[in-house]
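Asks: Got a predicted structure plus its sequence, pasted below:
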Amino acid sequence: MKKIKPLFDLAELLTKDSSLVSEIQLAENQPLNYLSQFATILQERGIDKPVPELPWLAMVDGLARRDLLIELDWKDDPEELVSTALQLFKGHTDYDSISKQLLKIEPFIDEDIEEFIPQLNRKLESSKVQLIWLDIDSDSYPLTTISLADLTAAKQLAIKAGYGKIKS
């Protein structure tokens, strides 16, 4: 059973931009209008009609439009993940420390991104932030950031909502 309120709460944890909740609400309550308004990005995902995960995808794509999420392809390597993390944390008050921690990591080129994210997050713990993956059941990795203090709540909200999972 999917529940929209926890998804709204999750969106509010991930951004202070309240218009994202409006986009998620549109995807939930008026999916055809949402499909029409965001047709280009949804067509890139192969979506041309309402799907049960549309509110989750609205949150993912909305975060990307706000430059708060970057989607990596499964073929990208861990070095690209480090570069993406640095880009997502730009503007963070502790960016210099985050940057130093991440640049110390020596990834293996053939290491899978999914296996590498926990290693990267261990380095970020001292800065009290984490890189999270909003799973869209695809061969890509939609990545965004969250404070370490909000991570457990965010994962619980995603489970309660039932639209998708957060991995870290």
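Replies: All right, it came through fine.

Asks: Can you check the pLDDT for Pro107?
Replies: As predicted, Pro107 sits at a pLDDT of 67.

Asks: Any idea how far stretch 54-65 is from the middle of the chain?
Replies: 9 Å (Cα atoms, centre = their mean, to the nearest Å).

Asks: all strands of the protein, in order?
Replies: With DSSP state E as the criterion, the chain has strands at 69-73, 129-135, 140-147, 165-167.

Asks: Need those strands in CSV (columns: distance to Ile24 and mean neighbour count).
Replies: Where you see a C-beta, it was placed from the backbone N, CA and C, and this is true even at glycine. Below are the strands of the chain laid out as CSV (distance: least, Cβ to Cβ, whole Å; neighbours: other Cβ atoms under 10 Å):
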stretch, distance to Ile24, mean neighbour count
strand 69-73, 14, 18
strand 129-135, 13, 22
strand 140-147, 15, 20
strand 165-167, 15, 16
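
Asks: Quick one: these as JSON lines, columns for mean pLDDT too.
Replies: Below are the strands of the chain laid out as JSON lines (pLDDT from 0 to 100):
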{"stretch": "strand 69-73", "mean pLDDT": "95"}
{"stretch": "strand 129-135", "mean pLDDT": "96"}
{"stretch": "strand 140-147", "mean pLDDT": "96"}
{"stretch": "strand 165-167", "mean pLDDT": "96"}
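
Asks: Turn these into JSON lines, including distance to Asp94.
Replies: Below are the strands of the chain laid out as JSON lines (distance: least, Cβ to Cβ, whole Å):
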{"stretch": "strand 69-73", "distance to Asp94": "19"}
{"stretch": "strand 129-135", "distance to Asp94": "7"}
{"stretch": "strand 140-147", "distance to Asp94": "11"}
{"stretch": "strand 165-167", "distance to Asp94": "22"}
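
Asks: Looking at the ones you listed, which is nearest to Ile98?
Replies: strand 129-135 (6.8 Å; Cβ to Cβ).

Asks: Give me the below-cutoff pLDDT ranges for this protein.
Replies: 1, 107-110 (pLDDT under 70).

Asks: Tell me where it has helices.
Replies: Along the chain, counting by DSSP state H, helices occupy 4-14, 19-29, 31-37, 39-44, 54-65, 78-89, 95-103, 113-124, 148-161.

Asks: Ok, which of the strands of the chain comes nearest Leu10?
Replies: strand 165-167 (8.1 Å).

Asks: Provide the contact partners of the closest one at residue level.
Replies: Glu114, Ile117, Ile132, Trp133, Leu134, Asp135, Ala154, Lys155, Ala158, Ile159 (Cβ atoms under 8 Å, 6 or more residues apart in numbering).
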